[in-house]
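Student: please find the sequence and the predicted model below.
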Amino acid sequence: MKSSLPFEIKLTYFLAVVLLVVFVGFLIFIVVLSNRKQVISQKENELKDAEFKNILLQKEIEVQKEAERERLRISRDMHDDFGSGISALKLQVEFLKLSKHEGFLDEHINDLLKSCDDLNHSMREMLWGLNSTNDSLESLVNYVTIYAVNFFKKTKIKPHIQNAGYQNKIIGAVTRRNLYLCVKEALNNIYKHSLAENVIISFEQVEHQFIIDIIDDGVGLKPESPCGNGFANMDSRMNSMNGEFRIVPSEVGLHLQFVLQL
């Protein structure tokens with residue numbers, strides 16, 4: 001007669017088998033959970049990859065749209081600037097051909113030379129705007145400085161350039177051109193309307209803002225001032241690049257400020 005195992009041993013075997021099954025089940029659960037996490041992580045990475053590629057694609061599309069807008073603008077500018085300039089030259093030459101009074105020749109030849117200078121300046125402006133190596137704050141500051149000095153050279157207004165320091169950051173061609181045109185219009189208004197003797201043009205960076213201040217010592221802003229459209233143009237240009245155009249209160253003359261977010 002076979003002797004049966006004691007109950008305690010049977011219980012021990014049973015518990016060992018149960019623990020082994022639980023342990024194997026736990027291992028299977030861990031493996032499945034780990035695989036699931038890997039699958040989820042892989043899907044998340046694929047999704048991030050797709051989102052990143054989509055962002056790059058959107059940026060590329062925006063760059064292409066920006067380039068197309070710039071090409072259209074250049075086309076319009078060339079048509080307006082050179083078309084009108086060439087027409088003016090043609091009319092002046094035809095007038096000189098028909099003129100029989102030599103006394104008028106000097107005056108009209110001077111007008112003709114001025115038209116040539118204006119056309120040449122428009123061409124140089126356009127070339128500066130098209131050259132991508134000029135897409136920096138430093139290039140903008142240098143170009144504005146040269147323009148201001150030359151613009152006031154034959155006037156009674158003395159320009160004073162102040163540079164309080166800035167980081168030479170890259171800026172887009174459209175932003176660069178808009179800032180330049182704002183300054184150009186401001187200086188033109190000073191020459192025409194301010195009766196100023198001095199104009200300060202200062203450049204500085206305050207945190208993430210690049211600021212151009214234009215301050216003159218002229219008659220200031222009067223209610224009947226004809227600069228309204230010019231101010232509207234400046235405001236529109238600055239708004240188009242998320243910047244600000246400000247007329248800063250001043251006891252003497254006029255203080256204009258252009259603020260670009262960097």
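Tutor: It's in. Numbers count the residues shown, from 1 in each chain.

Student: in the stretch 101-250 of the chain, where is pLDDT below threshold?
Tutor: Scanning the stretch 101-250 of the chain for pLDDT under 70 picks out 101-109, 223-229.

Student: what strand or helix carries Glu251?
Tutor: Counting by DSSP states H and E, no helix or strand carries Glu251.

Student: and the residue nearest in space to the middle of the chain, how far is that from Leu140?
Tutor: Taking Cα atoms, centre = their mean, the centroid of the chain lies closest to Thr175, which sits 3.0 Å from it. Thr175 is 9 Å from Leu140, where distance means Cβ to Cβ, to the nearest Å. For every residue, glycine as well, the C-beta is placed using N, CA and C.

Student: could you chop this structure up by domain?
Tutor: 7-130, 136-262 (automatic domain parsing).

Student: phi, psi for the closest residue to the residue nearest to the centre of the chain other than its chain neighbours please.
Tutor: Ranked by Cβ to Cβ, 6 or more residues apart in numbering and with sequence neighbours excluded, the top spatial neighbour of Thr175 is Met241, at 4.9 Å. Per-residue torsions, Met241: phi -120, psi 30 (degrees, to the nearest 10).

Student: for the stretch 151-262 of the chain, just list every one of the strands.
Tutor: For the stretch 151-262 of the chain, applying DSSP state E, counting those that start in this stretch gives strands covering 158-163, 198-206, 209-216, 244-248, 254-261.

Student: just to revisit the earlier point, point out the most buried one among the domains of the chain.
Tutor: Across these, averaging neighbours per residue (mean count of other Cβ atoms under 10 Å) puts domain 136-262 on top, at a mean of 16.

Student: how far does that domain sit from its chain's centre?
Tutor: 16 Å (Cα atoms, centre = their mean, to the nearest Å).

Student: what element comes up after the strand or helix carrying Arg36 heading to the C-terminus?
Tutor: Per DSSP H and E: Arg36 is located in helix 7-98. Counting by DSSP H and E, the element after helix 7-98 in chain order, helix or strand, is helix 105-130.

Student: by contact count, what packs against that next one?
Tutor: Applying 3 or more Cβ pairs under 8 Å, 6 or more residues apart in numbering; DSSP states H and E, we find helix 105-130 packed against helix 7-98, helix 173-189.

Student: do that again at 6 Å, thanks
Tutor: Counting by 3 or more Cβ pairs under 6 Å, 6 or more residues apart in numbering; DSSP states H and E, the packing neighbours recorded for helix 105-130 are helix 7-98.

Student: so what's Gly220 up against?
Tutor: Taking Cβ atoms under 6 Å, 6 or more residues apart in numbering, we find Gly220 in contact with Gly253, Leu254.

Student: got CSV for the strands of the stretch 151-262 of the chain, with distance to Met123 too?
Tutor: Shown next, in CSV, are those (distance: least, Cβ to Cβ, whole Å):
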stretch, distance to Met123
strand 158-163, 24
strand 198-206, 24
strand 209-216, 25
strand 244-248, 28
strand 254-261, 25
